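Colleague: Give me the fold of what follows.
(chains A, B and C)
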Amino acid sequence: MLEYKVIFHIDEINKWKLLLGNVSNLLNGIDNEKLYIEVLANSEAVKYYDTNQDLDVDINTMESLNKKGVKFVACNNALKAYDIKQENIIHFIDIVPAGVVELVKKQSEGYFYLKP
Amino acid sequence: MLEYKVIFHIDEINKWKLLLGNVSNLLNGIDNEKLYIEVLANSEAVKYYDTNQDLDVDINTMESLNKKGVKFVACNNALKAYDIKQENIIHFIDIVPAGVVELVKKQSEGYFYLKP
Amino acid sequence: MLEYKVIFHIDEINKWKLLLGNVSNLLNGIDNEKLYIEVLANSEAVKYYDTNQDLDVDINTMESLNKKGVKFVACNNALKAYDIKQENIIHFIDIVPAGVVELVKKQSEGYFYLKP
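Modeller: Model prediction:
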């Protein structure tokens, strides 16, 4: 069986709707292959993970994607830069020390890069 | 002979001029290698393919690039989302069911990803 | 020892601060591996290299990164398009004939693509 590994990169807060649609379309469009999908947010895009911000977050879609195996990841450098406390972010978000390092390491593991 | 396979991703309508310039520069800058170039448009960028929209489309450059082998592709999810009829899009455009799937599959075939 | 090769692509002038932060975070976040980092600027982003423009350029960070091995590269097509003279660009900038060709060739040499 073929398998695909994909890392989505988002660093603009206003790209989340587009990104979540892309991830959904990818999941719906791949039938017989194993899919590993990670969404890596750095820079201002991490604000979307902060439950203390008054943003129009599509938490239902995120949770549904997460239940289908999509990993959502935050860059800790960005969390600190935007003064976001780790205890305030959505519970299923993983944190990595540096988003760019994650983007590089995942590509070295065969992940394909997509930037909506 | 070396060969390069490149997939350009565009999802913003205002990036078309930049993208077409990039594709032209790539074709002009590679001499002795075989080039496979695909332009994959999803999200609002597919409107550029719609002959019914009153956009300032550089159809001459697109046709010239297409005659040199550049494939222009539209995401059908996006066509449907923007209510664009398949019979109204530029005649040499190919359609794929999902743009993100195409971006992943092409990368798995060795295409390099570029996002102008 | 592992080694990572990374090419950062920038074509928007307002992304420089984000990009320089990303490059710094990458350098700080990778400890035991050899890193090859290139920053490729094309389109309007090359204006940042022009010492004749009145831009708020973070030359200290750029020089510091350059001394740590980061290569800064300009697309000559873009320099010509924006009428920037080669003698006016920052002294440690390399010039390639076409930025997109460089982005493709570097990927063919195993560089990972990142677009902040």
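Colleague: use CA for all of it now, contacts and neighbours both
Modeller: OK.
Colleague: residue boundaries of the strands in chain A?
Modeller: Counting by DSSP state E, chain A has strands at residues A:3-10, A:34-41, A:71-75, A:93-96, A:112-114.
Colleague: Let's have those strands in CSV, adding mean pLDDT and mean neighbour count.
Modeller: Below are the strands of chain A laid out as CSV (pLDDT from 0 to 100; neighbours: other C-alpha atoms under 10 Å in any protein chain shown):
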stretch, mean pLDDT, mean neighbour count
strand A:3-10, 98, 20
strand A:34-41, 97, 21
strand A:71-75, 98, 22
strand A:93-96, 98, 16
strand A:112-114, 98, 25
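Colleague: Reformat those strands as a markdown table; add distance to residue A:48.
Modeller: Shown next, in a markdown table, are those (distance: least, C-alpha to C-alpha, whole Å):
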| stretch | distance to residue A:48 |
| --- | --- |
| strand A:3-10 | 11 |
| strand A:34-41 | 9 |
| strand A:71-75 | 10 |
| strand A:93-96 | 11 |
| strand A:112-114 | 19 |
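Colleague: Show me the helices in chain A, by range?
Modeller: Remark: helices assigned in chain A by DSSP state H are A:16-29, A:59-67, A:76-81, A:99-108.
Colleague: and chain A, which residues reach chain B?
Modeller: Within reach of chain B by C-alpha under 8 Å from any C-alpha of the partner chain, chain A has these residues: A:4, A:6, A:18, A:22-23, A:25-26, A:29-30, A:112-116.
Colleague: centroid residue for chain A?
Modeller: Taking C-alpha atoms, centre = their mean, the centroid of chain A lies closest to residue A:39, which sits 2.2 Å from it.
Colleague: quick one on the thing from earlier: so which of the strands of chain A is nearest chain C?
Modeller: Comparing the strands of chain A by their distance to chain C (C-alpha to the nearest C-alpha), the top pick is strand A:112-114, with 7.6 Å.
Colleague: Go ahead and name everything in contact with the closest one.
Modeller: A:5-9, A:103, A:107, B:103-104, B:107-108, B:113, C:113-114 (C-alpha atoms under 8 Å, 6 or more residues apart in numbering or on different chains).
Colleague: returning to that earlier point: tell me which two of the residues of chain A next to chain B sit farthest apart.
Modeller: A:4 and A:18 (20.7 Å; C-alpha to C-alpha).
Colleague: So what's the residue count around the closest residue to chain B within chain A?
Modeller: Per C-alpha to the nearest C-alpha, residue A:26 is where chain A lies closest to chain B, at 5.5 Å. By the criterion of other C-alpha atoms under 10 Å in any protein chain shown, residue A:26 has 21 neighbours.
Colleague: That one against residue B:97, yeah?
Modeller: No. Contact criterion C-alpha atoms under 8 Å: residue A:26 and residue B:97 do not qualify, at 10.4 Å.
Colleague: how about a markdown table for the helices of chain A, with mean pLDDT and distance to chain C added?
Modeller: Below are these laid out as a markdown table (pLDDT from 0 to 100; distance: least, C-alpha to the nearest C-alpha, whole Å):
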| stretch | mean pLDDT | distance to chain C |
| --- | --- | --- |
| helix A:16-29 | 98 | 15 |
| helix A:59-67 | 98 | 23 |
| helix A:76-81 | 98 | 8 |
| helix A:99-108 | 98 | 5 |
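Colleague: which of those helices sits most buried?
Modeller: Between those, helix A:99-108 has the highest mean count of neighbours, a mean of 20, where neighbours are mean count of other C-alpha atoms under 10 Å in any protein chain shown.
Colleague: Give me the distance between residue A:89 and chain C.
Modeller: From residue A:89 over to chain C the distance is 22 Å, taken as C-alpha to the nearest C-alpha, to the nearest Å.
Colleague: out of the helices of chain A, which comes closest to residue B:62?
Modeller: Among these, the nearest to residue B:62 by C-alpha to C-alpha is helix A:16-29 (25.6 Å).
Colleague: same for that closest one, what does it pack against?
Modeller: Under the contact criterion of 3 or more C-alpha pairs under 8 Å, 6 or more residues apart in numbering or on different chains; DSSP states H and E, helix A:16-29 touches strand A:3-10, helix A:59-67, helix B:99-108.
Colleague: what angle separates it from helix A:59-67?
Modeller: Orientation check (axes from the mean of the first three to the mean of the last three C-alpha atoms, to 10 degrees): helix A:16-29 against helix A:59-67 gives 40 degrees.
Colleague: Right, I'll call it a day here.
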